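**Student:** 3D model of this:
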Amino acid sequence: MRRAAEAFPLRPNELFVALDAMGVYGCHTAGVYRPSRIVPQGQDQTGGTRMKVLLLAAGVGRRLGDPNRDMPKALLRFGDKSLLQRHIEILHSFAITDIAVTVGHLAETIRQEIARLGLGEQVRTIDNPRYREGSVVSLWSGRDVLTSGEPVLLMDADVLYDARLMSRLLTGDPANCFLLDRAIAPGDEPVKLCIRDDRIVDFHKRPQVAHDWHGESVGFFRLTPPIAAALAARADDYVRQGSAQLEYEEPLRDMVLAAAPGTFGYAEVTGLPWTEIDFAEDVRHAQTAIFPRLLDVATTRAAVAGAAG
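**Tutor:** Numbering: from 1, shown residues only. Sure thing, here's the model as predicted:
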């Protein structure tokens, strides 16, 4: 879907958008910006707790059109790097190295890219032979990651972004965190994160729960071990009960609707450069409007180190 990347006018609790220039990050919950400690180079935000990544990259990407059918979306290149390489470099910059990638469409090309990066023994692939069905099958295919007993980052692979979004995801409370952008295109295509009384009350392209306002979900989620395991169980139910044609957001939405207040929260990324790539026009938008605004990992780290000092 096409993303509007222009900065959202600052409101009192949205000052954190400007604070990115200083490397200060946090998570928004209960209407308050909560600055978190800076994550030093070589450490993760949990003080050493292992974290796993499940990167969903199995889809065909039909909506990109015929010229791109021979390339998984994760291998689209911006500058001299593929989306996959950018994901891995950003994750590694936060000392997150336990990465699993679900593959299906042209899976061997993704394995070749991992090998080209010299990461064949570090980044593993998970085969989803049913990749032409809904993405809930890719979620289900990665259930060993979700049930590992460790925190999990669940991520769409077809997103161009920089390390500032990852900082927002990794820092602050609550532990089960979504990313939200208030700058949202109209229509049914964006997945909406719906807020009422400063908590998430719905999560869907066509939300059904009354809410005060909504933003767009980036497609990145930080999950605690119990929530990740519960999500795996729900994905298993979907696949076994004949709902494999649905998207992975459906079981996650079930959990949002059933959760006690405060179980899930969100970090705002309004004004930061990112885009999901679904259509050919998204590729053009990414090249012209998003890529020029990205900060490389070293620049982001320098900003963080400067603020910490």
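**Student:** make it CA atoms for all contacts and neighbour counts henceforth
**Tutor:** Noted.
**Student:** check contacts around the nearest residue to Phe203 once chain neighbours are set aside.
**Tutor:** Nearest residue to Phe203 in three dimensions, chain neighbours excluded: Leu193, at 4.7 Å (CA to CA, 6 or more residues apart in numbering). Taking CA atoms under 8 Å, 6 or more residues apart in numbering, we find Leu193 in contact with Leu180, Ile200, Val201, Asp202, Phe203, His204, His214, Gly215, Glu216, Ser217.
**Student:** now do the fifth one, the pLDDT please.
**Tutor:** Reading off the per-residue confidence, Phe203 sits at a pLDDT of 98.
**Student:** try the last one
**Tutor:** The predicted local distance difference test score for Ser217 is 98.
**Student:** so it makes contact with Cys177?
**Tutor:** No: assessed by CA atoms under 8 Å, Ser217 is found out of contact with Cys177, at 11.0 Å.
**Student:** using PDB, write out every CA atom in the helix ranked longest in the chain.
**Tutor:** Longest helix of the chain, by residue count under DSSP state H: helix 225-240. Coordinates of each C-alpha in helix 225-240 appear next as PDB, following Å, rounded to 0.1, in the frame of the first residue of the first chain:
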ATOM      1  CA  PRO A 225       7.000 -15.700  25.300                       C
ATOM      2  CA  PRO A 226       3.500 -16.500  26.600                       C
ATOM      3  CA  ILE A 227       1.800 -14.300  23.900                       C
ATOM      4  CA  ALA A 228       4.000 -15.700  21.100                       C
ATOM      5  CA  ALA A 229       3.100 -19.200  22.200                       C
ATOM      6  CA  ALA A 230      -0.600 -18.400  22.400                       C
ATOM      7  CA  LEU A 231      -0.300 -16.900  18.900                       C
ATOM      8  CA  ALA A 232       1.200 -20.100  17.600                       C
ATOM      9  CA  ALA A 233      -1.700 -22.100  19.100                       C
ATOM     10  CA  ARG A 234      -4.300 -19.800  17.400                       C
ATOM     11  CA  ALA A 235      -2.500 -20.100  14.100                       C
ATOM     12  CA  ASP A 236      -2.600 -23.900  14.500                       C
ATOM     13  CA  ASP A 237      -6.300 -23.700  15.100                       C
ATOM     14  CA  TYR A 238      -6.800 -21.600  11.900                       C
ATOM     15  CA  VAL A 239      -4.800 -24.000   9.700                       C
ATOM     16  CA  ARG A 240      -6.400 -27.200  11.100                       C
END
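**Student:** check which helices and strands it sits against.
**Tutor:** For helix 225-240, the packing partners by 3 or more CA pairs under 8 Å, 6 or more residues apart in numbering; DSSP states H and E come out as helix 136-141, helix 143-146, helix 249-258.
**Student:** what about the closest residue to Val269 other than its chain neighbours, how many residues nearby?
**Tutor:** Closest residue in space to Val269, ignoring its immediate chain neighbours: Asp181 at 5.2 Å, by CA to CA, 6+ apart. Counted with other CA atoms under 10 Å, residues neighbouring Asp181 total 24.
**Student:** residues in contact with Asp181?
**Tutor:** Applying CA under 8 Å, 6+ apart to Asp181 gives the contacts Gly215, Glu216, Ser217, Val218, Glu268, Val269, Thr270, Gly271.
**Student:** of the residues you listed, which belong to strands?
**Tutor:** Among the contacts of Asp181, the residues falling in strands (DSSP state E) are Gly215, Glu216, Ser217, Val218, Glu268.
**Student:** what number of residues lie near the residue lying closest to Tyr161 once chain neighbours are set aside?
**Tutor:** Leaving aside its sequence neighbours, Tyr161 sits nearest to Trp274 (CA to CA, 6+ apart; 4.3 Å). Using other CA under 10 Å, the number of residues around Trp274 comes to 24.
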